[in-house]
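Peer 1: no sequence for this one, just the structure:
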């Protein structure tokens, strides 16, 4: 049975998602057909407007970007970028995490700062990816960096306890005081290792950020690879310059603070 004969609509009726008839929009357009919103700029305050939503991407011409600017007014995602540093002749500098960062000749050429200085900061890892992706990354890091050494340490602690008990038979309360201290230390070591496994949390919480002006506005580099090679870093420009619907930055106070928008948000929208 084909979709046509089964009565299933092949294309989803996206136009029906907006209640134009119920809100009186259709009657209004019939009465004032020339009122199409041309040359009108609207400011929307909302917890999450997705410019990729149907009806918000472009104007009726299908080319002009409809959302011309985006601001994060909450302040919760702001990154302190007050510190300025100047890369050496090889393009290297120290990030706030202590990692040595390297700017390629291409990136150095993009910097229009008169002193060729850049701003540095730290961006919270949790702000850059959705929660499920973040959990997967943490789980992979745990498997790679934690599980093996932790299991080895736990096995060694258990082995030491077994060896001690085989060499010191009898009940623990009857052991000499010095042996009791050794036994307690061994037991506490194993208990500590087991408790660490239960409360494991990824130590890595932030990525180095580098910010500098270019001919096309401010550019932010986020070292998500943690290798220090900024040529491979995540590049994000200002939304007003790039109109990137997936990721963008905004600068505050002469670029002393920067915020990243719409990298991890899973947004819907109630505004059209």
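Peer 2: Yep, that arrived. Being a predicted model, the structure only gives us computed values, none of them experimental.
Peer 1: going forward, measure contacts between C-alpha atoms and count neighbours the same way
Peer 2: Will do.
Peer 1: got the contact list for the longest helix seen in the chain?
Peer 2: Secondary structure of the chain read by DSSP state H shows that its longest helix is helix 177-198. Contacting residues not belonging to helix 177-198 are listed as 150, 153-154, 157-158, 160-161, 164, 172-173 [CA atoms under 8 Å, 6 or more residues apart in numbering].
Peer 1: Those in strands, which ones?
Peer 2: Among the contacts of helix 177-198, no member falls in strands (DSSP state E).
Peer 1: And these, which is closest to residue 58?
Peer 2: Of all the contacts of helix 177-198, residue 58 sits closest to residue 150, with 53.0 Å by CA to CA.
Peer 1: pLDDT value on the closest one, please?
Peer 2: Predicted confidence (pLDDT) at residue 150: the value is 91.
Peer 1: so what's it up against?
Peer 2: For residue 150, the contacting residues are 193, 197, taking CA under 8 Å, 6+ apart as the criterion.
Peer 1: in stretch 73-93, what counts as buried?
Peer 2: For stretch 73-93, the neighbour count (16 or more other CA atoms under 10 Å) marks 77-82, 85, 87, 92-93 as buried.
Peer 1: Can I get those in CSV including secondary structure?
Peer 2: CSV is the format used below for those (DSSP: H, G, I helix; E, B strand; the rest coil):
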residue, secondary structure
77, coil
78, strand
79, strand
80, strand
81, coil
82, coil
85, strand
87, coil
92, strand
93, strand
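Peer 1: Make a markdown table out of those residues and add distance to residue 35.
Peer 2: What follows is these, written out as a markdown table (distance: CA to CA, whole Å):
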| residue | distance to residue 35 |
| --- | --- |
| 77 | 38 |
| 78 | 39 |
| 79 | 42 |
| 80 | 44 |
| 81 | 44 |
| 82 | 46 |
| 85 | 52 |
| 87 | 54 |
| 92 | 56 |
| 93 | 55 |
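Peer 1: for residue 176, phi and psi?
Peer 2: phi -60, psi 160 (degrees, to the nearest 10).
Peer 1: burial of it, as a residue count?
Peer 2: 9 (other CA atoms under 10 Å).
Peer 1: Show me which of the contacts of helix 177-198 are buried.
Peer 2: 154, 157-158, 160-161.
Peer 1: Next up, the contacts around residue 69.
Peer 2: Residues touching residue 69, when contacts are defined by CA under 8 Å, 6+ apart, comprise 239-240.
Peer 1: Looking at pLDDT only, which of the contacts of helix 177-198 scores worst?
Peer 2: The pLDDT minimum for these sits at residue 172, where the score is 67.
Peer 1: Show me the domain layout of the protein.
Peer 2: The chain resolves into domains spanning 78-130+205-261, 131-198 when parsed by automatic domain parsing.
Peer 1: For my notes, please list the ones you listed in a markdown table and give distance to residue 21 for each entry.
Peer 2: Written out in a markdown table, the entries for the domains of the chain read as follows (distance: least, CA to CA, whole Å):
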| stretch | distance to residue 21 |
| --- | --- |
| domain 78-130+205-261 | 29 |
| domain 131-198 | 38 |
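Peer 1: deepest of the ones you listed, which one?
Peer 2: Ranked by average neighbour count under the criterion mean count of other CA atoms under 10 Å, those are headed by domain 78-130+205-261 at a mean of 18.
Peer 1: where's the nearest residue to residue 210 once chain neighbours are set aside, which helix or strand?
Peer 2: Beyond its immediate neighbours in the sequence, the residue positioned closest to residue 210 (CA to CA, 6 or more residues apart in numbering) is residue 120, lying 4.7 Å away. With elements delineated by DSSP states H and E, residue 120 resides in strand 118-124, which encompasses its position.
Peer 1: With residue 114 as the reference, measure out to residue 92.
Peer 2: For residue 92, the distance to residue 114 equals 18 Å [CA to CA, to the nearest Å].
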